[in-house]
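Coordinates for the following, if possible.
(one chain, ligands or ions: 1)
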Amino acid sequence: MRSRSLIAMLATTVLAATVLATGCAATTQRSAATSLPAGVTTAMIAQGDSLFNAGSCQRCHGQKGVGAQNAPSLVTGPWMHHRGSYDEIVATVTAGIPRTALKDTTRRFPMNPRGGPMNLTDAQVRDVAAYVWSISREKPAP
Ligand code: HEC
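Residues are numbered from 1 along each chain as shown. Coordinates of the predicted model:
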């Protein structure tokens, strides 16, 4: 009698834990999906990662966008040109930053539109911006 009630208790505990774990997993998945900006997918971020880290972006901003001699970090430090929303990043990458608009006038080069020689299409700009958005979540808004 005693061991049977113990088994029953164990079974209930396992069942409760399973329900709880399943519930948590579902919640985590949902919040991860809704925390991306509208229109952004994890596939876009992955595609943007390849474009950024193989293309001209990393020559100035450094591998993974951590900053280098010719351009600021896109991972840490305050934003210089906007508040870091996905749409603002898309606009900046599309238009580039002319020399007259540079905040740090000691930079050697302005930033050309659409990655300069990369000549990114609208879809590629959105991919690369999705990647920049993803690596810059710790940046404080100005
Ligand atoms: C020729 C060097 C160069 C290249 C190539 C380059 N950038 Fe930049 N980028 C800069 C400079 C310089 C700034 C602005 C610094 C300033 O205003 O003082 C900047 C600023 C930015 C900003 C705004 C940062 C802020 O704080 O507001 C973003 C976003 C950005 N770059 C993304 C990219 C992406 C994505 C690519 C590739 C498609 C790229 N850059 C390619 C030099 C470059």
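
contacts, neighbours, all on C-alpha from now
Will do.

For the protein, what lies in contact range of the ligand?
Contacts of the chain with the ligand, taken as Cα under 6 Å from any ligand atom, map to 52, 56-57, 60, 70-72, 79-82, 89, 92-93, 102-104, 107, 109-111, 114-115, 128-129.

Neighbour count says what about those? Which are buried?
When these are checked for burial by 16 or more other Cα atoms under 10 Å, the buried set is 52, 56-57, 60, 70-72, 79, 89, 92-93, 110-111, 114-115, 128-129.

I'd like to know which of those residues are part of helices.
Secondary structure defined by DSSP state H assigns F52, S56, C57, C60, I89, T92, V93, V128, A129 of those to helices.

How about the contacts made by the last one?
When the contact criterion is Cα atoms under 8 Å, 6 or more residues apart in numbering, the partners of A129 are G48, Y86, I89, V90, V93.

so who does S136 touch?
Applying Cα under 8 Å, 6+ apart, the residues contacting S136 are L74, V75, T76, G84.

so what pLDDT did the first one get?
Looking at L74, its pLDDT stands at 98.

mind checking the SS state of it?
L74 carries the three-state label coil when classified by DSSP: H, G, I helix; E, B strand; the rest coil.

hang on, isn't it packed against V66?
Yes - the criterion here is Cα atoms under 8 Å, and L74 meets it with V66 at 6.1 Å.
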